[in-house]
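[1] this one's sequence-less:
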C-alpha cells in the first residue's frame, strides 16, 4: 500500500518537473525571437519609409480655353413698318398678295387716278399761262412800261403755279402704293373698292434680310461682349447660322436687370422666319486654364477652394483657383502656373507644407 503511494507521488513530481521544464524553455525562446525582430536592420529601414504619405500625382500643362456667352433669343425682322395712305381715295387694284416678297419700288396697290390726272393737266396749263404772263410783264418792265410791283406779282403767280403742279403730280404718284424697301408683305388691311383716308393702314411690310436675333445678357456678361463679335446661332428648327453683334443696350431693363443684345445674320430668300427661338453663343477671349474633375478640389478651414499640388521637393502646396466655367463633365479653372504636379488621389489626407511620396497617375485620366 505504502509502496503504491510512493510510486504515485514520484510520477506526479516527474510530471510537474517536465511541464515546468517545457514552459520555461518556450518562454526564453519567444523572448529571444522578439528581441531579434525589433532590433534587426531590416525593421529599421521599413520604419523610415513609412513616415511619408503616398499620393497620386499627374503632370499637367495649361490649355487655351475659349470661353463664351450663351443666351436664348428670338428671331426678329430688322425692319417692320405699317404702310399708310398718304392721300384720300378708293382702292382700284391690289397687285401683290399678303405673304409675297417685294423689292424696293414695287407697286403693291393703286388708288383711282381719274380726278388726279385731270388735276395734273389743269396745273400744267395754269403754269403755262403764268409763264407767259410773267415773260410779258418782265419785257414791259425792261422797256419802262410796267412797274416792278407788277413784275413781282407776275413772278409770285408763276411760282404758285409751279407749286400747284408739283403737288398735283405728287398726289398722282401717291395713287401707286410702293414698297419703300425689300421685304415681305406681312399684313393686308384693305380690299379692292375700299375708300381710304390719309393715315389709314394699308399693308405691313417686314425686312427679313438681314434677320436679327434678340437676346438678353446679365450684368456680369455684358462687360465681356463687344460690338462686331461673331456669334453662332442655333435655331429650334435645327438650323445653324453665323452672325455679328450689331447692338448692345447701354442701359438695363428695369425689371430684369438684363441688357438687350442684337445679332444680325444674312437670311437669303427669307429662309428663316421671324419669332423662332434661338440659342446665341458669343465666343470670348482665350484664357490659360486647366480642365479638372471636381473631385480633386480641396477646401481650407477658412473656406477657400483650391487644389493641392506638389513642388520640386515633393512638398504639398494648397493653391486657390479661379473658376471660369462649369460643365457636366469637368471644371475650367485658372490662377495657376503654366505647369503643375496635381495631386489627384490622397489630397484629403495631406496638409499644406507636408512632404509626401508621389506616385505618377499619368495615363489614368482625371475625368
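    Okay, I see it. What you see is a predicted model; the values in this text were computed from it and never measured. Numbers count the residues shown, from 1 in each chain.
[2] now the host helix or strand of residue 83, how far from the chain's geometric center?
    Assigned by DSSP states H and E, residue 83 falls within strand 63-84. Averaging C-alpha positions (C-alpha atoms, centre = their mean, to the nearest Å) puts strand 63-84 9 Å from its chain's average.
[3] now do that strand: which elements does it pack against?
    Secondary-structure packing of strand 63-84 (3 or more C-beta pairs under 8 Å, 6 or more residues apart in numbering; DSSP states H and E): strand 183-188, strand 201-217, strand 259-265, strand 277-292, strand 322-326. C-beta: built from backbone N, CA, C; applies to glycine.
[4] of the ones you listed, which approaches residue 69 most closely?
    strand 277-292 (4.7 Å; C-beta to C-beta).
[5] run me through the strand neighbours of the strand holding residue 83, direction for each.
    If you go by DSSP bridges, strand 63-84 pairs up with strand 201-217 (antiparallel), strand 277-292 (antiparallel).
[6] tell me the most buried of the ones you listed?
    Mean neighbour count (mean count of other C-beta atoms under 10 Å) peaks for strand 201-217 among the strands paired with strand 63-84, with a mean of 20.
[7] how many neighbours does residue 242 have?
    Per other C-beta atoms under 10 Å, the neighbour tally for residue 242 reads 11.
[8] just list what the strand or helix carrying it packs against, helices and strands only.
    If you go by DSSP H and E, residue 242 is part of strand 240-248. Counting by 3+ C-beta pairs under 8 Å, 6+ apart, the packing neighbours recorded for strand 240-248 are strand 201-217, strand 230-235, strand 259-265.
[9] could you rerun that using 7 Å?
    Judged by 3 or more C-beta pairs under 7 Å, 6 or more residues apart in numbering; DSSP states H and E, strand 240-248 is in contact with strand 230-235, strand 259-265.
[10] mind listing the strands that strand pairs with, and their directions?
    Note on strand 240-248: by DSSP bridges, its sheet partners are strand 230-235 (antiparallel), strand 259-265 (antiparallel).
[11] closest to residue 333 out of these?
    Of all these, strand 230-235 comes closest under C-beta to C-beta, at 24.6 Å.
[12] got the buried residues for the closest one?
    Buried residues in strand 230-235, defined by neighbour count with 16 or more other C-beta atoms under 10 Å: 231, 232, 233, 235.
[13] got the phi and psi for residue 140?
    Phi and psi for residue 140, reported as degrees, to the nearest 10, are phi -70, psi -40.
[14] how much space between it and residue 150?
    Separation of residue 140 from residue 150 (C-beta to C-beta, to the nearest Å): 8 Å.
[15] same question, residue 340
    Noted for residue 340: a distance of 101 Å to residue 150, by C-beta to C-beta.
[16] more crowded one of these two?
    residue 340 (20 against 14).
[17] what helix or strand is the more buried one on?
    Residue 340 is part of strand 339-345 when elements are defined by DSSP H and E.
[18] same list, the helices and strands packed on strand 240-248, but as TSV with mean pLDDT and distance to residue 88 please.
    Output for the helices and strands packed on strand 240-248, formatted as TSV (pLDDT from 0 to 100; distance: least, C-beta to C-beta, whole Å):
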stretch	mean pLDDT	distance to residue 88
strand 230-235	94	44
strand 259-265	95	38
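[19] what's the closest of those strands to residue 348?
    Relative to residue 348, the nearest member of the helices and strands packed on strand 240-248 by C-beta to C-beta is strand 230-235, separated by 40.3 Å.
[20] could you list the residues in contact with that closest one?
    213, 240-245, 263, 265, 272, 276, 278-283 (C-beta atoms under 7 Å, 6 or more residues apart in numbering).
[21] try stretch 255-270
    Residues contacting stretch 255-270 (C-beta under 7 Å, 6+ apart): 78, 101, 184, 208-219, 222, 225, 231, 233, 241-249, 252, 280.
[22] now stretch 164-181
    Residues contacting stretch 164-181 (C-beta under 7 Å, 6+ apart): 79, 83, 86-87, 89, 102-111, 113, 116-117, 119-120, 123-124, 126-127, 202, 205, 207.
[23] for it, how far is the first residue from the last?
    29 Å (C-alpha to C-alpha, to the nearest Å).
[24] residue 356 is in contact with residue 316, correct?
    Yes - Residue 316 is within contact range of residue 356, at 6.0 Å (criterion: C-beta atoms under 7 Å).
[25] what touches both of the two?
    Taking C-beta under 7 Å, 6+ apart as the contact rule, residue 316 and residue 356 both touch 310, 350.
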